[in-house]
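J.: The amino acid sequence is not available; the structure is as follows:
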């Protein structure tokens, strides 16, 4: 068995880096006796893999081959069949049950013992061992030691764990020494027993020499032991001295600890004394306020810069005084009253200027139009910078008032918002009225007065249409469509040519639209710096760093200012916390500029009423200003307001597109005149050209692209609808002309999002051109065409082409008779009538007559060539030809085109 084990290790397991630990000779139970070996192996590399391998001896030759291998972790049960009696049978439960019969009970027990040890050493999963007594597993190493040969016992059935430990190979130096020793003995390989005997004798000689050396060195060992004893005595003396020194240092340490604690208490006492002295000095110095500061607080001039600076310094010192509560309250009341008076003075002065101008405009007999025209030379908003500059001198005093008496600070804030909101409301309304005057246009030829909100009068001017500047066109009702109404009825006029009445979009001067664009841009450019300046002033003047909001003002809390009498100050309350300073600033700005958004919406409605195409200008300008405002502060009042107005502008733009699509759907054409280029096709060209000039480099190009897609699809559908309903003009002509116009427009404007529609328009134009040519040309050689249709029918039935001339109905005489009916004069006459018919169908605007005529010429020549080809194939050698040539056709078509 040992020889077999070594052979298996050498031939099978060593090449696979495995080490054989146990082997058992077995055969399958109940079958023909075919012996094989079950081997327990471990890998030499980590992590260690434990396997059970089945090895079979080859039938042809004395060598072994590996047949099956199972991982030990897959082994569930080991069944030894009988725990008391000796039985060579045992079962191993892997994926299925394998039944084995061992050659001897000793081999079986040794193998099961090895499996048990490997399970205990390497596997976390414990294998179930049944019908195997624990005593047998414990006593098995001793039994195996007596019954198994020594070599096998050492490698497989060793009692301790080291028997299955990793194999330790010789290192290079050990291998070199063994090789040298074997080279020195000639019979080291041929006679191993003699070589072992020699080594044994040399080992005995070495052991004897070693013992003699130990005995000879006994005297030196005794001397060394005496030296060690003396050294130990010296160490004991040193330890005694160190102990005495430690006792002395311990008393010194206690004294030093006491000194350190005393020093710490002294330092702490000094620190407390310094702080106490500082507090006492502060109390002594701040019990009273300097007389100069008291005088500044009681009688200081709050109108001059020097007086304001003195009051500011006195107020700062007053905050540090523990007493003088009455003086603090008195100055707070005096400061609030003065600032309130400043608000009132600014408000009344500005309103006085506005009322004087309004009174001047309302004087009987006064030329209001000239005054408004003079006033509207410059569209600007009043500059409040001087007012802000004067008030900013009080910024530090406002901060002191905010920290000292928040109730008075809150009252001033509400009064400021109340006065400024009324002031800005009047200024902004007047500003927008002037903008409306400029938008409607100022001319001397015609004017109509309309009353606007705010008490002033607005002149509406109308220029003549169709290039006439001095003539009013349209009825009174059509003019009323453009009058400015103060009510909410703002019906947006359509820009379609079919439903604009006399005020069609094509008749509006391009200069008027450009003027509207400039006015609208100027309005937004004036509003933006006004709002930003006021917002910056509010942030600096009211010191909003504490993130506190102001409760809404109610009518019961405020009393109006009357002359120089100040309003009742609001009672102080607990301020409500808001998310940030920006929220509070936005609250104040919303109340001060509460009329801005409605006025912008009214201006947008007016622009849309004048010309619905104005929504394109407004969308571009408003989008740009919203984008600019959001880059500065997305949550600011200006950004929010312009964003809301942008929504209105976008709705008007969508409404303009929807109205055009609706009117395309409702279009009606005349039954007595030819159609030509449809009005909404021309209007789409105008819209696209205008939009491309407006939206160049605009931020909201996507909105225009979506509108393009909707409009062009509606145009396509409406063109087909009109073409189907047309009675005077053929359907193909309507489709051909209009799709040619659409294709030309898209090619000229180069609109990237409409590339697919441009290709579709070209395809439809080409298809309907070809269809119209075939339909109009018909069969100019009708009888000849019928003749050759019969010829082609015979050929299709199987008659050879050269045999067709032998058919009675299609012989050469019949062919000559048909050809004689189409001399050159008749052909030219037919083509002349066809030219007149085509000229009657086509419109002059698109200029497609020569294109259509050239296509008809090509189609006629194609038919001619087809007939000549049939004659050549079916009547070869007959010499029959047409009475006119292709050159004659070209001459006929050219002369007809030149004569017309």
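T.: Looks like it arrived, so ask away. The structure displayed is predicted, hence computed values, not measured ones.

J.: May I have the distance across stretch 674-683, first residue to last?
T.: 19 Å (C-alpha to C-alpha, to the nearest Å).

J.: Can you tell me the SS state at residue 23?
T.: strand (DSSP: H, G, I helix; E, B strand; the rest coil).

J.: so what's it up against?
T.: Contact analysis of residue 23 by C-beta atoms under 8 Å, 6 or more residues apart in numbering lists 1, 4, 5, 8, 37, 38, 39, 40, 107, 111, 156. Where you see a C-beta, it was placed from the backbone N, CA and C, and this is true even at glycine.

J.: switch the cut-off to 7 Å
T.: Contacts were defined as C-beta atoms under 7 Å, 6 or more residues apart in numbering; by that measure residue 23 touches 1, 5, 8, 37, 39.

J.: What does the pLDDT read for the spatially most central residue of the chain?
T.: Closest to where the C-alpha atoms of the chain average out (C-alpha atoms, centre = their mean) is residue 702, at 16.5 Å. Looking at residue 702, its pLDDT is 87.

J.: Where does it sit, in terms of helix or strand?
T.: Using DSSP states H and E, residue 702 maps to helix 701-725.

J.: element containing the closest residue to residue 12 other than its chain neighbours, please.
T.: Sequence neighbours aside, residue 66 is the residue nearest to residue 12 in space, at 5.5 Å (criterion: C-beta to C-beta, 6 or more residues apart in numbering). Here residue 66, judged by DSSP H and E, is contained in strand 64-71.

J.: Check residue 40 too.
T.: Taking DSSP H and E as the criterion, residue 40 maps to strand 36-43.

J.: Mind giving me the packing neighbours of the following helix or strand past that strand?
T.: Proceeding N to C from strand 36-43, the next assigned helix or strand is strand 50-57, under DSSP H and E. When contacts are defined as 3 or more C-beta pairs under 7 Å, 6 or more residues apart in numbering; DSSP states H and E, strand 50-57 sits against strand 36-43, strand 64-71.

J.: returning to what we had before: show me which parts of the following helix or strand past the helix holding residue 702 are buried, residue by residue.
T.: For helix 701-725, the following helix or strand on the C-terminal side (DSSP H and E) is helix 731-749. Residues 731-746, 749 are the ones in helix 731-749 that count as buried (16 or more other C-beta atoms under 10 Å).

J.: go on, stretch 385-403?
T.: Per 16+ other C-beta under 10 Å, stretch 385-403 contains these buried residues: 387, 388, 391, 393, 394, 396, 397, 398, 399, 400, 401, 402.

J.: Quick check: the farthest pair among those residues?
T.: 387 and 400 (21.5 Å; C-beta to C-beta).

J.: rewinding a little: okay if I get the buried residues of stretch 385-403 as TSV plus secondary structure?
T.: Output for those, formatted as TSV (three-state DSSP):
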residue	secondary structure
387	helix
388	helix
391	helix
393	helix
394	helix
396	helix
397	helix
398	helix
399	helix
400	helix
401	helix
402	helix
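
J.: contacting residues around residue 63?
T.: Applying C-beta under 7 Å, 6+ apart, the residues near residue 63 are residue 11.

J.: Please report how far it lies from residue 621.
T.: Counting by C-beta to C-beta, to the nearest Å, the gap from residue 63 to residue 621 is 97 Å.

J.: and for stretch 37-47, what are the contacting residues?
T.: Contacts for stretch 37-47 (C-beta under 7 Å, 6+ apart): 8, 13, 17-26, 48-55, 100, 111, 114-115, 118, 167.

J.: Restricted to buried residues, select these in ChimeraX.
T.: Those of the contacts of stretch 37-47 that count as buried under 16+ other C-beta under 10 Å are selected in ChimeraX with:
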select :8,13,18,19,20,21,22,23,24,25,26,49,50,51,52,53,54,55,100,111,114,115,118
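
J.: where are the low-confidence patches of the stretch 651-800 of the chain?
T.: Within the stretch 651-800 of the chain, the stretches with pLDDT under 70 are 778-780.
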